[in-house]
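K.L.:
Below is the sequence, then the predicted model.
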Amino acid sequence: MKLLLIEDFPLLRKSVGEGLREAGFAVDATGDGEEGLWYATSGEYDVIILDLMLPKIDGLTILKRLRARESAAHVLILTARDTCDDRVKGLNLGADDYLVKPFVFEELLARVRALIRRKYGTKSPVLRVEDLEIDTTERVASRGGKKIELSSREYALLELLASRAGRLVTRTDIWEHLYEFESPADSNVVDVFIGHLRRKIEGQGLPRLIHTRRGHGYVLGNEE
Amino acid sequence: MRSLQSRLMIGTAVATLAIFLSAAVTLFFLTRAELLRDFDATTLAKARTIISMTEVDGDHVNIEGLAQFPEFQRARHPDYFEIRTRDGLGIFKSVSLKDHDLKQPTAKQLASSKGKSVDLPDGESGRELSVAFAAHSDEDSVVSPKFAPGLVLTMARDSDSLNDLLADFGWLLAIVCGAAIVVMLGVTMLVIRRGLKPVNDLASNIERIGESNLSDRLAESTIPRELSPIVTRLNDLLGRLSSAFEREKSFTADAAHELRTPLAGLESALEVCLRKPRSGEGYEAVVRDCLDVVRQMHSMVDSLLLLSRADASLVKVSPSEVSIAAMLKDAWRQFEDRAHQRDLHIAWNLKENLTLVTDREKLLSIVTNLLSNAVHYTNTRGTIEMAADQIAEQVEIKISNSGSAVSAEDAAHVFDRFWRGDSSRSDTGTNCGLGLAVCQKLTMLLGGSIAVESAAGGDFVVRMIFPAMRKATLVPSSEQRIDFRGADKVVD
């Protein structure tokens, strides 16, 4: 899953960005509003973490423009203002959640995950596809009760496929949701990772779970 | 201090009483005098009539037609008269007089024929006067030599009805006067109360205004002219107080918000760091980052303290002779490297041998602050200019840099606390929006003034003027406390 962090205070941006990456997310981060808006409108993000006090363009304006373009990203607002007015304003303008600074990082993480579940319509933190079980909180996948060892990237890919279980996920989708902006575009990489993933979850003669749709993409589990 | 109302009421009550009473008394006595004069005139006329009817015949005296004056004979409340010679020898008495005598007039009373009040023989009160006349007789008779010197007729008339009239008049006057006094007191009390109502209203309106409703103002349209300067002034003061409170409140709120952001940064950095084991370098990096932010917060807190102390007039100033050029060069030293890194060009335009008696430490602080801004905000390869000159007894210092991000309209706001060119809060300098506010306060402390001119993309110019301060005399660090009230007006 990919996140966009728009926060101008350098230490906060750096540490939250790092923390989120360590938690398995692909994170693009920027310190100014103009750049942030550009990122948001040129890329696919699952959650945008938006600070309200930004240079050049302020957070609420960015939010308004995002919603005007009908961006699908869920937005979580970060701000040092804790008056009810601002919370209500932010939510009314289209924000999905609100967190007041200073905040506990674990809470930010939990809320981001909740927003992702909401985005993919998966209510439970545990995704189940046939006999494959993925605990999104612990970031652990298991099949038939046996834990599967996955790298961070592999896990992220599996989680993405599982969140859209039964539906087509194109290579572009995968690229957009798993790779940060700066990564060089390379669709082969996706195929390679699918290969790795297949080996790990379908190894030892287990039934196929990841299905290829030639020319389009991949589907996890039976197609709806 | 007695209340206005009681002072006014007592004053008007006393005046009312005095005036009305003296008027009544005067009226009474004037009327009495008139009535008596009138009465006496009647007595005199009667006396003259009787005199004209008196004829002397040898030793005797005849008064013809006395019957037309029954009052001299009647039993109740009679009038009296008697005729005597000038020497006092009795000649004739009215019937009413019987055995009694009327008092003899003095020469003076005789001369003026003035009436006087007497007790009549029958015990009643009366008025008496005397008239001197010459005896006369008809042609047939002879006047006795006894009568030659002249005769005196003394008449005393019963003034009972006059006295009754006067008594009635007196009572009437007393009653009317009393009533008038009561009504007057009542009316004045009412008028005074109504007249003072605006004052009472104003007092209760003022009482209503407290800390919680400082935005209220006193109505100026319904105020009487005499009170309007008070109300205008009060409203003015309330306005200033109210905006001072607002500034206080928003300053405190802003200060708290300002601290929250770096705190959030620290908290997240440390939390994320602890989420999993890190290498020594990893921890070191986090610690350095956190230390930087802690220093920023420290500097901000110092600025805040200085500003609040300056607000409360608690900052001490120690003047001494300062060499301006040396001080400016001193201030610049720490920025040389950074300026070099950013490829900045520095121009010096200092008047030679310029000195000023002022607080060196604070002046250095101001200049350092401004230079820090200049070096931070100037465009790469831009120019910074430092100028110092003498204007009359004062020193003017100008620090300007090219590549200003502040527009001409915003130039007025640069001194606002926590104001930054952009609405963000991420200033990585040590200023956090307080730098210029601190410079402004310090400048005021030194008795100077500071102003900014700027154009977006053009030059950002800070111009300061400092007067000479009085040097410290005996004590090394003098305590020159400078009053800040109204100091906000000093900045041009």
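P.N.:
Everything's here; your move.

K.L.:
And chain B, is stretch A:30-45 touching that?
P.N.:
Yes - Stretch A:30-45 reaches chain B (Cβ under 8 Å from any Cβ of the partner chain) through A:Gly31, A:Asp32. All C-beta atoms are positioned from the backbone trio N, CA, C, and that covers glycine.

K.L.:
What average pLDDT does that stretch get?
P.N.:
In this model, stretch A:30-45 carries a mean pLDDT of 89.

K.L.:
CA atoms only: put it into PDB for me.
P.N.:
Extracted C-alpha coordinates of stretch A:30-45, given in PDB (Å, rounded to 0.1, in the frame of the first residue of the first chain):
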ATOM      1  CA  THR A  30       7.100  16.200   0.900                       C
ATOM      2  CA  GLY A  31       7.300  19.400   3.000                       C
ATOM      3  CA  ASP A  32       5.300  21.900   1.000                       C
ATOM      4  CA  GLY A  33       1.700  22.100  -0.100                       C
ATOM      5  CA  GLU A  34       2.300  22.800  -3.800                       C
ATOM      6  CA  GLU A  35       4.500  19.800  -4.200                       C
ATOM      7  CA  GLY A  36       2.100  17.700  -2.100                       C
ATOM      8  CA  LEU A  37      -0.800  18.600  -4.300                       C
ATOM      9  CA  TRP A  38       1.200  17.700  -7.400                       C
ATOM     10  CA  TYR A  39       2.100  14.300  -6.000                       C
ATOM     11  CA  ALA A  40      -1.500  13.600  -4.900                       C
ATOM     12  CA  THR A  41      -2.900  14.300  -8.300                       C
ATOM     13  CA  SER A  42      -0.300  12.500 -10.200                       C
ATOM     14  CA  GLY A  43      -0.100   9.300  -8.300                       C
ATOM     15  CA  GLU A  44      -2.300   6.600  -6.700                       C
ATOM     16  CA  TYR A  45      -2.200   6.700  -3.000                       C
END
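
K.L.:
Partner strands of the helix or strand hosting B:Ala387 and their direction?
P.N.:
Secondary-structure element containing B:Ala387, defined by DSSP states H and E: strand B:383-391. With DSSP bridges as the test, strand B:383-391 is paired with strand B:345-350 (parallel), strand B:394-401 (antiparallel).

K.L.:
what distance separates that strand from the centre of its chain?
P.N.:
Strand B:383-391 has its C-alpha centroid displaced from the chain centroid by 51 Å (Cα atoms, centre = their mean, to the nearest Å).

K.L.:
thinking again about what came up before, could you single out the most deeply buried of the strands paired with strand B:383-391?
P.N.:
Neighbour counts (mean count of other Cβ atoms under 10 Å in any protein chain shown) averaged over each of these peak at strand B:394-401, with a mean of 21.

K.L.:
immediately after that strand, which helix or strand?
P.N.:
Later in the chain than strand B:394-401, the nearest helix or strand by DSSP H and E is helix B:435-445.

K.L.:
now the angle from the next helix or strand after that following helix to strand B:394-401?
P.N.:
Downstream of helix B:435-445, the next assigned helix or strand under DSSP H and E is strand B:449-454. Interaxial angle, strand B:449-454 versus strand B:394-401 (axes from the mean of the first three to the mean of the last three Cα atoms, to 10 degrees): 30 degrees.
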